[in-house]
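Visitor: Quick one, fold the following:
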Amino acid sequence: MSIIEAIFLGILQGATEFLPVSSSGHLVLVPAIFDITAPDLTLIGLVHLGTLVAVLIYFRRDLWDIVVGVLRGLAERQPLGTTNARLGWFIVVGCIPAALAGFLLQDFFDSVFSHPNWAAFFLLVTAVLLVVGERMISGKKTFDTMNWLDTIVIGLFQMTALFPGWSRSGSTIVGGLLRGFDRPTAARYSFLLGVPVILGAGLLSLLDIVTADVMMFSTAVYLSAFLAAAISGYLCIAFLLSWVRNHSLYIFAVYTAVLGAGFLLYSLLA
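Guide: Residues are numbered from 1 along each chain as shown. Below is the predicted model of the structure:
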């Protein structure tokens, strides 16, 4: 793999991890379309760690406030006494559905990942979901008025993103919109809810790196992919949070629909 290919894959991971267009779908389809050298586990691990660095840096103040709120609430025996304390527990509970489904159905999801056409199909599902979310947008709910049902519903939406092509950020944002959140709050909670997921993937990827017997590529290739994922991830978080203040999600629905339908058509004609 060349450094250019490594940078491309890093940018691809960093951008699609946070934009509602499905990182898993792109990592399945793009190498198949452009015949890019398949990344090894070390490279995959490093781009995941790059996106983890991006989200931790961007939300460092939010995450600090949440951790302090949770610890203070426990110390004062009022674990749900503040908005930040509640938000911390909401994030924990919201990750449980995806964690359970991933653990219990790992072999099933692995088999789905081996078929690019499934990724293309679920990109079409993502497009429909984004349109439905925009059509049903109702709201003005913020973190101050968030409740347990909200986080369970959004957590179930996050669980669906275990399918390749089904966007995690897209599904959780739509889940928030359907529960009455305004678009910026739904997007912000989507990113915060994703922190444990990305952290878990990052730690597993780090384990893969440590236990890898052979490194397929040069240090420059690995470093390029990591930096590209971190920088593009940070920029795409900032972009999406700015975009949703004044714009809809329809542009992402169109993009995922075109990519999914285009690949399915390509596979039929190839």
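
Visitor: Which stretches in the stretch 151-270 of the chain count as helices?
Guide: Taking DSSP state H, counting those that start in this stretch as the test, the helices found in the stretch 151-270 of the chain are 168-178, 183-211, 219-246, 250-269.

Visitor: Which of the ones you listed sits closest to residue 65?
Guide: When these are compared for distance to residue 65 using Cβ to Cβ, the nearest one is helix 183-211, at 10.9 Å. In short, each C-beta sits where N, CA and C put it, glycine included.

Visitor: so what does that closest one touch, helix or strand wise?
Guide: Helix 183-211 sits against helix 41-58, helix 60-75, helix 83-104, helix 148-160, helix 168-178, helix 219-246, with contacts defined as 3 or more Cβ pairs under 8 Å, 6 or more residues apart in numbering; DSSP states H and E.

Visitor: Show me the contact partners of the fourth one.
Guide: Under the contact criterion Cβ atoms under 8 Å, 6 or more residues apart in numbering, helix 148-160 has outside partners 90-91, 93-98, 101, 141, 166, 168, 171-172, 174-176, 178-179, 181, 189-190, 193-194, 197.

Visitor: and it with helix 83-104, angle?
Guide: Relative orientation of helix 148-160 versus helix 83-104 (axes from the mean of the first three to the mean of the last three Cα atoms, to 10 degrees): 40 degrees.

Visitor: next one: the fifth one
Guide: The directions of helix 168-178 and helix 83-104 differ by 130 degrees, with the same axes, to 10 degrees as the criterion.

Visitor: helices and strands around helix 168-178, which ones?
Guide: Secondary-structure packing of helix 168-178 (3+ Cβ pairs under 8 Å, 6+ apart): helix 116-135, helix 148-160, helix 183-211.

Visitor: Any buried residues in the longest one, and which?
Guide: Translated: helix 183-211. 183-198, 200-202, 205, 208-209 (16 or more other Cβ atoms under 10 Å).

Visitor: pLDDT of stretch 143-156, averaged?
Guide: Average pLDDT, stretch 143-156: 92.

Visitor: Roughly how far does residue 180 sit from residue 47?
Guide: Taking Cβ to Cβ, to the nearest Å as the measure, residue 180 falls 35 Å from residue 47.

Visitor: So between these two, which is more surrounded?
Guide: residue 47 (29 against 18; other Cβ atoms under 10 Å).

Visitor: my read: the more buried one touches residue 229, true?
Guide: Yes - between residue 47 and residue 229 there is a contact under Cβ atoms under 8 Å: 4.1 Å.

Visitor: sorry, back to before: compare the mean pLDDT across the helices of the stretch 151-270 of the chain and name the weakest.
Guide: Among those, helix 183-211 carries the lowest mean pLDDT, at a mean of 81.

Visitor: my read: residue 5 touches residue 36, true?
Guide: Yes - A contact is recorded between residue 5 and residue 36 when judged using Cβ under 8 Å, the distance being 5.6 Å.

Visitor: of the two, who's got more company?
Guide: Between residue 5 and residue 36, counted using other Cβ under 10 Å, residue 5 has the larger neighbour count: 19 against 16.

Visitor: Now do that one, the pLDDT please.
Guide: You'll see residue 5 listed with a pLDDT of 84.

Visitor: circling back: between residue 47 and residue 229, what contacts are shared?
Guide: Residues touching both residue 47 and residue 229 (Cβ under 8 Å, 6+ apart): 10, 13-14.
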